[in-house]
Structure formats: C-alpha cells, structure tokens
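Engineer: Predicted model and sequence follow; I will ask about them next.
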Amino acid sequence: MREMLGRLRQTHFAILSSSVYDSVQGDVEGPGSPGIDLRVLNGQAIVTSLDPGSPAERAGVRAGWIIQSVNGKEISPVIKRLLADSSVSELTLTRAVLARLSGELGETISVTFLNGSNTPTVMQMDLVAPRGNPATFGNLPLQHIWYESKKIGRTGYIRFNVFLDVVRLMDSFGKSIAECRDCDGLIIDIRGNPGGLGVMAMGMAGYLIDKPGLRLGTMYMRDTSLNFVINPRQPSFSGPVAILIDGGSASTSEIFAGGLQDLKRARVFGTRSAAAALPSIIERLPNGDGFQYAVANYISEGGKTLEGAGVQPDVEVKLTREALLSGHDSVLDAALQWIRGQQIP
Amino acid sequence: MNRRFVLALIVGAPFAVSIQAADPDLPSAESILDRYIEVTGGKAAYERHKSEIATGKLEFAAAGVKGAIVQYSAAPDKYYSSLDIDGIGKVEMGVVDGVAWEKSALLGARIKTGEERAQAIREARLNAPYHWRELYSKVETAGTDTVNGEDCYKVVLTPKEGRPETMYFEKKSGLMRKTTLIAASQMGDVSADVIAAEYKDFGGVLIPSKVTQKAAGQEFTTTIDAIKVNEEIPAARFDLPAEIKALLPKK
C-alpha cells in the first residue's frame, strides 16, 4: 500500500507503521535525540539550532557546523541520493537526516562535525527525550511539542514546532500577545513546523486581526466548503507581523502564513514552504497501521492553491552557513530589519 | 448538543403553523409529530421535565478522537453545554435570553448570528418535540423512505427562520430515526444526516441515547449516559461568560 500511495506523488497520503504508535515518541528510529535541528544547505547537513540544555549544546556543538557522519556512517551519500529524486521535499530530506541522529533513549551516538574552522570534530552525545511536552490528537502519533517566546529588543518573537497541544499552545500564544502590548513588531517563526490542527491557524490569527468576518482561506470537500474564519480575540496585537517559513513549513503552517499574507496582515520571510497543504485524517487499519488520506483541497484567501505551490515569501532570504557561524540567522535578521523600518518616527 | 441537536430539530417558530399533507394516502405531518410525542412518553411526561442535566461522551471514531459532554437545560430555553475533547480542550456553548454563544481555547469567544443563532435557539428549547408547533411554521408529509431497513414517513419541517429540515419517523414504532438538514455554521453551511438510535427512558420520556452525525465526509457519535431530570441548576450556570458579555453591543 505504501508503494501504491507513493506513486500518487501527493502529500498527506501515507501508511504509518504500527511501530510509530508503539514508540514513545513516534519516530521509528527511536525517541532519543541529541537536541540538534538542521537543514540541508547546498547539499550539506548544517546545524541550525540546538535545543536549550540538550546534550549537543552541552557538548559544545554550534550552529553552522556540518554533520559529516553519525556512528561512522557518512551523511552525504544519503543527501545525494535523496536530492537526486525531485519528488523528495525539503521536509523529507531534513527528517531523513534527523532520523539518523535519533535512537533509543540513553544510547550514545558519535557524530563527526566540521566545525567553524572546517576541522573534523568528533563528539559523543547521549540521546535524551525530545524537547517539549508529549501530546497527541486522535490517531496522530505522539509528538513532543515545545513553545518559546521572548523579546529581541522591543520585538516579540514566538516559535513553536507543531500546531498541536491546543490548550497549552493557545494559552501560551495568548499570553505572549498580552506581553507584547508595547512591542514594535511580532515575529512568528514556523520554520520546520510541519503543521497539525488546521483550526489552530484560525485561533492564532484571531489575536492578530481586529476586524470580524475575515478568513484565511477555504477548505473544499466533495459536498461542502468550509471557510477558515477568523474571530478577533483579546488581547490583540495590531503592530507589524513577520512570519518566518522554509521548506519545512507545511500544512497548517502554510494555511496560517498564506492566509495572513493574503490578508496583508503579515509579511512573510524565508524560503518557499513545503507546498503540502491538503487537509487529511488518519484512520487506524486493522493491523494497527495508520492510513492517512486527504479529504479536501485548500485554497488560500487570495485564491492560491497551496498544495503543490506553497507559500512564496514576500522577502526571500536563505539561511547561510557563514551567517550561522557568526551567530546570525539571516531570515530573522531580515524580519527584524523590516519591523524596525516600520516604526513611526 | 447530542439530544438537543436531534430533538431540537423537531422544533420551530411560534404561531402560524401550516399543516399540509402532500399525499392524501399518507398521514398528516401533524399526526406523525403528535404520535412521536405519545410514543416517547406523552404530553404529561414532557410537561414534568423542567430541567435536565445530561452527561455523555462523543467519539469521532475514524480519527480516534474522543471527548466528554455535559449539558444543562432549563425551561423554556436556557442552555449550556461543555464538550471536553481530548487534544482540543473545552468547547462551551450556550443560549440565554436570545443570545447564542460559543467559547473555546481554540477559537476564542463569539456570538452566533443569523440562521446559526436561530438553529441554536431552537436546539436549546427544553422538551422541543412537545413544542413543535411553536418552533416550526410549516410541516408537511413528503413521502416514505427507509432508514436502516425500517419503513419511515418523511416529514419536512420549515422553521420560521432558516431552511427546512427533513425527519424520518418509523411507521411501526412512531420513533424518529433520522434527520437531514443544512447546519448553518460560521465556517459555512454543512449538509448533515443525523441518525437517532437506542431510545432510553429518562424521567418518563424516551430519548435517543445514541446519535450519529454524518457531515462533511466525517462521522461522529454522541452517547448519553445519564440525564438527571428536575435537578436544581444554579441560575449562574446559564450566565453569559465575561468574554461574551464583552462582545455584546453596548447599550
């Protein structure tokens, strides 16, 4: 079935192995992680961020380092093979490399990096529970959800990894907005966020819109059309909003970013999103596997079909190894610069 | 939502009920609806219900989503329900003094308007089957059909505000087995089939304890475990939440 579904070359059609549900974290490679996030840039797996307090951070790994091998197995052939297949998305590519860094909790992995001076550096790192709180919804495999919010100067910054764990995330988002009353702008970073519950995009957009009757887009089913309506909610934020996306931003992330972009409520920075925005459900099959299938198409408010096209950023900015090594995130920097340029003298 | 959702569909708008039978060989819609009142307990049994507290569960089986539901109703049409859905949290809904509202962590607070409001107010009516003459302006027997293999009469009920709803009453038992309607919602109109099953006696009135809704390609089931009849409900239970009050037009 997996083979047949693969030949459809459509997103949101998949067979999830029953082992995904049996595993604590939902990753067939094992739930343990060293706390590294990465992207494949110019054919190389580059560390982009480290989970706070993670084994990788404690070991001294830095953003911008290149991951060369894990437990003696080279990463570059994997990347080369996947890049040769045009149907493999950036999201899949990233996940494939991340899977090689994962394993059972308590295991130790040996990773060879090229550090900032391009010197091979071997580090041993324990695998620990992923960052965040475990959460699930229906037949979705268990996932660890984290949320962070901070101020960069006078600009609010929000980042979270999945649109799930509704009660905690919506509450955190509302509190962040309330604390940002005096912010000169707000940055919502959903790079690498694969989506989750579509309606959460409506709920979060409600904090950024003060006019009733607007919508992010429309979901088209066989006999029904459902509008993703935004209910203005309090406290709202009315200043400039920047949304950061990349090829790992999929599904609900695209509904959120694409809709607010169409409404001209947010300016989008980064690289094109995953173009995988078909609403779907996951049913459990008699053998315990999960069967994910699309149930609708989704058109963003501006008339764009997100599936296959994705969200095109207003300002295209790519991450570079050089910027990461110098402690900069070029996408975040561009958003900050834009927000500061919006200030009324 | 469960029982209200079904039974309120037997309701409508005040006065001016127009009763028509499309086919002289078919029983009148009025007689079918009145028979339903009789077979589910009779007028006196309905009149004894002044308030209800219902508890149950809901399940969206295909997606593996479950939740718990509690709903409070008081005559004539005060209503409050709380759905606690796994992974979503609490979704509260209510109707009081003509204000129909909804509040959740997911989507915030809002006041229902237009046809959605009218539907919510009909659904909030306690003992709705008994009050069908007040709630619908026109009822008509539209033919026969089968539901789950049982022969049924089709009755089309037109509320004062909103589109007609069709109910299917089993010929043999007189019980209502299915309703088809267009559910008005903020997200758009949704065609829904609502299957009523497993009637149980709650305080002398037979009420479908299992209701399966099929809408927008999905199916979910609500099951009532218990209904406490005429239990005292604190008046504050129906008060508008502060977030809803803030949305009301300033006087």
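Structural biologist: Done, it's in.

Engineer: So, low pLDDT: which residues of chain B?
Structural biologist: B:1-24, B:251 (pLDDT under 70).

Engineer: Can you give the contact residues for the longest strand seen in it?
Structural biologist: As assigned by DSSP state E, the longest strand anywhere in chain B is strand B:188-202. With contact meaning CB atoms under 8 Å, 6 or more residues apart in numbering or on different chains, strand B:188-202 is reached by A:223-227, B:5-6, B:9, B:40-41, B:52, B:147-148, B:175-183, B:206-216, B:224, B:226-227, B:229. (C-beta placed from N, C-alpha, C; glycine too.)

Engineer: how about a cut-off of 6 Å?
Structural biologist: For strand B:188-202, contacts defined as CB atoms under 6 Å, 6 or more residues apart in numbering or on different chains pick out A:224-227, B:6, B:175-183, B:206, B:208-216, B:227.

Engineer: now swap in stretch A:207-223 and tell me
Structural biologist: Residues from elsewhere that reach stretch A:207-223 (CB under 6 Å, 6+ apart): A:177, A:201, A:205, A:225-230, A:232-233, A:236-237, A:241, A:255, A:259, A:263, A:265, A:279, A:296-301, B:216-217.

Engineer: Please repeat the previous calculation with a cut-off of 7 Å.
Structural biologist: A:173-174, A:177, A:201-202, A:205, A:225-230, A:232-233, A:236-238, A:241, A:255, A:258-260, A:263, A:265, A:279, A:295-301, B:191, B:216-217 (CB atoms under 7 Å, 6 or more residues apart in numbering or on different chains).

Engineer: can you list the residues of the stretch 101-250 of chain B near chain A?
Structural biologist: Within the stretch 101-250 of chain B, the positions adjacent to chain A are B:A105, B:L106, B:L107, B:G108, B:R110, B:Q186, B:M187, B:G188, B:V190, B:S191, B:A216, B:G217 by CB under 7 Å from any CB of the partner chain.

Engineer: Mean pLDDT per element in chain A, and the minimum belongs to which helix or strand?
Structural biologist: In chain A, the helix or strand scored least confidently by mean pLDDT, DSSP states H and E is helix A:18-22, which has a mean of 53.

Engineer: what's around A:V241, how many residues?
Structural biologist: A:V241 has 21 neighbouring residues, counting by other CB atoms under 10 Å in any protein chain shown.

Engineer: can you map out the helices along the stretch 151-251 of chain B?
Structural biologist: B:242-245 (DSSP state H, counting those that start in this stretch).

Engineer: which residues of it fall in strands?
Structural biologist: B:165-170, B:176-185, B:188-202, B:205-215, B:218-229 (DSSP state E, counting those that start in this stretch).

Engineer: buried sites along the third one?
Structural biologist: Using 16 or more other CB atoms under 10 Å in any protein chain shown as the burial criterion, the residues of strand B:188-202 that qualify are B:G188, B:D189, B:V190, B:A192, B:D193, B:V194, B:I195, B:A196, B:A197, B:Y199, B:F202.

Engineer: Next, the distance between the ends of stretch B:70-82.
Structural biologist: End-to-end distance for stretch B:70-82, by CA to CA, to the nearest Å: 5 Å.

Engineer: In it, which residues are buried?
Structural biologist: Result for stretch B:70-82 [16+ other CB under 10 Å]: buried residues B:Q71, B:Y72, B:S73, B:A74, B:D77, B:K78, B:Y79, B:Y80, B:S81, B:S82.

Engineer: And for stretch B:168-177?
Structural biologist: B:Y168, B:F169, B:E170, B:S173, B:G174, B:L175, B:M176, B:R177.

Engineer: and the residue nearest to A:S326 when sequence neighbours are not counted, how many neighbours does it have?
Structural biologist: Leaving out its chain neighbours, the residue that sits closest to A:S326 by CB to CB, 6 or more residues apart in numbering or on different chains is A:G64, at 7.8 Å. A:G64 has 23 neighbours, counted by other CB under 10 Å.

Engineer: ok, now A:R81?
Structural biologist: Neighbours of A:R81 under the rule other CB under 10 Å: 11.

Engineer: coming back round to it: turn the buried residues of stretch B:168-177 into CSV, including distance to B:S31.
Structural biologist: Shown next, in CSV, are those (distance: CB to CB, whole Å):
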residue, distance to B:S31
B:Y168, 15
B:F169, 10
B:E170, 14
B:S173, 15
B:G174, 10
B:L175, 15
B:M176, 14
B:R177, 17
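
Engineer: Dihedrals phi and psi, A:I36?
Structural biologist: With angles defined as degrees, to the nearest 10, A:I36 sits at phi -110, psi 140.

Engineer: show me what contacts it?
Structural biologist: So A:I36 contacts A:V47, A:L50, A:A56, A:V61, A:L101 (CB under 7 Å, 6+ apart).

Engineer: cool, B:G162 as well?
Structural biologist: B:E115, B:A118, B:Q119, B:A184.

Engineer: Could you rerun that using 10 Å?
Structural biologist: For B:G162, the contacting residues are B:G12, B:A13, B:G114, B:E115, B:E116, B:R117, B:A118, B:Q119, B:R122, B:L181, B:I182, B:A184, by CB atoms under 10 Å, 6 or more residues apart in numbering or on different chains.

Engineer: Quick check: what element follows the least confident helix or strand of chain A along the chain?
Structural biologist: strand A:36-41 (DSSP states H and E).

Engineer: Can I get that following strand as CSV, trimmed to CA atoms?
Structural biologist: Output of strand A:36-41 as CSV, limited to C-alpha atoms (Å, rounded to 0.1, in the frame of the first residue of the first chain):
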residue,chain,number,x,y,z
ILE,A,36,20.0,19.2,17.2
ASP,A,37,17.9,20.9,14.5
LEU,A,38,19.4,21.1,11.0
ARG,A,39,18.7,22.0,7.4
VAL,A,40,20.3,20.7,4.2
LEU,A,41,22.0,23.7,2.7
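
Engineer: Quick check: next helix or strand after that strand?
Structural biologist: Per DSSP H and E, the helix or strand that comes after strand A:36-41 is strand A:44-50.

Engineer: what helices or strands is the helix or strand just after that next one leaning on?
Structural biologist: On the C-terminal side of strand A:44-50, the nearest following helix or strand under DSSP H and E is helix A:55-59. Helices and strands touching helix A:55-59, by 3 or more CB pairs under 10 Å, 6 or more residues apart in numbering or on different chains; DSSP states H and E, are strand A:36-41, strand A:44-50, strand A:108-114, strand A:120-126.

Engineer: Just the CA trace of helix A:55-59, in PDB.
Structural biologist: Extracted in PDB, the C-alpha atoms of helix A:55-59 (Å, rounded to 0.1, in the frame of the first residue of the first chain):
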ATOM      1  CA  PRO A  55      23.400  17.100  25.100                       C
ATOM      2  CA  ALA A  56      24.500  18.700  21.800                       C
ATOM      3  CA  GLU A  57      24.500  22.200  23.400                       C
ATOM      4  CA  ARG A  58      26.400  20.900  26.400                       C
ATOM      5  CA  ALA A  59      28.900  19.200  24.200                       C
END
